[in-house]
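> I'll drop the sequence and a predicted model, then ask my questions.
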Amino acid sequence: MKKVQVDLSKTVDVDWVSENEHWNTYELKDGATLKVKLVLKGVKRVEGQYSPDGNPIYMVQSQNIVRATDIPDELKGPVKGELEYKSNVA
């Protein structure tokens with residue numbers, strides 16, 4: 001795959017609407033389960049530059065959200081202090 005040099009001064013912000021943000025689930029060989037979701041934070045389109053097949057070039061800012069679930073007890077360490085859970089739900 002050919003690397004493309006991008007002129008960051010020729011980018012424009014592109015708005016978007018989130019249609020779905022699905023969790024991908026992975027069962028690990030140690031018995032734990034990971035749930036991973038990519039959350040889009042920003043999108044820019046590079047003006048005047050295109051991929052070899054003619055499509056515009058987009059740059060994205062994203063965040064990976066990772067949750068470990070179904071962790072076997074033998075993998076867990078000691079709990080330090082009292083756990084406090086905060087919710088942003090009103």
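Nice, I can see it. Numbers count the residues shown, from 1 in each chain.
> residue 72 and residue 78, how far apart?
Going from residue 72 to residue 78 by CB to CB, to the nearest Å gives 15 Å. Where C-beta positions appear, they are placed from N, C-alpha and C, glycine not excepted.
> which of these two has more neighbours?
residue 72 (10 against 4; other CB atoms under 10 Å).
> excluding sequence neighbours, find me the nearest residue to the more buried one.
The shortest distance from residue 72 to any non-neighbouring residue, by CB to CB, 6 or more residues apart in numbering, is to residue 31 (4.2 Å).
> OK, contacts around that neighbour?
70-72, 75 (CB atoms under 8 Å, 6 or more residues apart in numbering).
> tell me which two of these sit farthest apart.
70 and 75 (10.4 Å; CB to CB).
> list residues touching both of those two?
31-32.
> for the residue nearest the centre of the chain, which residues are in contact?
The residue lying closest to the centre of the chain (CA atoms, centre = their mean) is residue 38, at 2.5 Å. By CB under 8 Å, 6+ apart, the residues touching residue 38 are 21, 62-65.
> and if you look at residue 13?
Taking CB under 8 Å, 6+ apart, we find residue 13 in contact with 42-44.
> which of the contacts of residue 38 lies closest to residue 54?
The nearest member of the contacts of residue 38 to residue 54, counting by CB to CB, is residue 62 at 24.6 Å.
> quick one: the residue of the chain most remote from its centre from residue 69, how far?
Most distant residue from the mean C-alpha position of the chain: residue 81, 30.3 Å away (CA atoms, centre = their mean). In this view, residue 81 and residue 69 are 22 Å apart by CB to CB.
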